[in-house]
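Enquirer: With the sequence up front, the predicted model follows.
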Amino acid sequence: MTEKNQKRPTRNRTVFEDPGSVLLLDKPKGWTSFDVVKIVRQLLRVKRAGHAGTLDPMATGLLIVCTGKKTKEVGTYVANEKEYEAELLLGASTATYDGEAAVESVGSVEGITNSLIENVLNEFVGKQRQVPPMHSAVKVGGKRLYKYARKGKVIRRDPRTIEIHSITPVNIRIPRVQLRIVCSKGTYVRSLAHDIGKRLGCGAFLKELRRTRIGKYEVSHTMSIDDVASLAKNHRASAL
């Protein structure tokens, strides 16, 4: 074989790029979903990587990241139903509908009972139209909503059809309400929390959020970012 026809060594190529991998990751609090994808690209030395369903920075839990040729399958994971553990704080509202922003209005929780909360929750089960929050990555006029929001602008948002399959109260200790929510893709749990507060008449925002399931994939089967780093290190060592 001539030198011209010899194949060059491919030390930087990994199994994560071709044919690709599907990684179940536990997103840390404070990280954006893009932060996770970026670090996966760096650790695994892959050019292509994408996530299947955004989690807000304050949220934790299951984030599916696909690499290499598996990025073509992202849409199939996005389409699956989601399950969340959420904590709502009644009696206050924020511009972001969660704890990312300061409280901008306060309402009274006097007269709010467990049975009233349960009745209101039941009203949200089923198909419905939901307006995405201003502080979100939804595009309007080719621009992300949060970019308008940062400039103090409020843009008209068209409601989207979503479905809440179930809302189960896990623990109610007013003003805190812990819920387990199973819903369709495209559901903003922040908007759900805000709308529940409006229906109760006292206001509410999302205090904590953890995604526990996407379709058949459970958060109990996830890896941490440190696990990914170790996996990449071991793979490179074995390839030497």
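Expert: Noted; the coordinates are in hand. Residues are numbered from 1 along each chain as shown.
Enquirer: What helix or strand is the residue nearest the centre of the chain located in?
Expert: The residue lying closest to the centre of the chain (CA atoms, centre = their mean) is Leu55, at 2.0 Å. Following DSSP states H and E, there is no helix or strand that holds Leu55.
Enquirer: give me every residue that touches it.
Expert: 27, 33, 61, 63, 209, 211 (CB atoms under 8 Å, 6 or more residues apart in numbering). For the C-beta atoms, the positions are set from N, CA and C on the backbone; glycine is no exception.
Enquirer: In helices, which of those appear?
Expert: The helices, defined by DSSP state H, take in Ser33 from the contacts of Leu55.
Enquirer: ok, the nearest residue to His194 once chain neighbours are set aside - contacts?
Expert: Distances taken as CB to CB, 6 or more residues apart in numbering put Tyr97 closest to His194, at 4.3 Å, once the chain neighbours are dropped. Tyr97 sits next to 133, 135, 188, 190-191, 193-194, 205-206 when contact means CB under 8 Å, 6+ apart.
Enquirer: Which of the contacts of Leu55 fall within strands?
Expert: 27, 61, 63, 209, 211 (DSSP state E).
Enquirer: quick one: which of those is nearest to Ser21?
Expert: The shortest approach to Ser21 among the ones in strands among the contacts of Leu55 belongs to Leu63, at 14.0 Å (CB to CB).
Enquirer: Can you give me the pLDDT of the closest one?
Expert: Leu63 carries a pLDDT value of 97.
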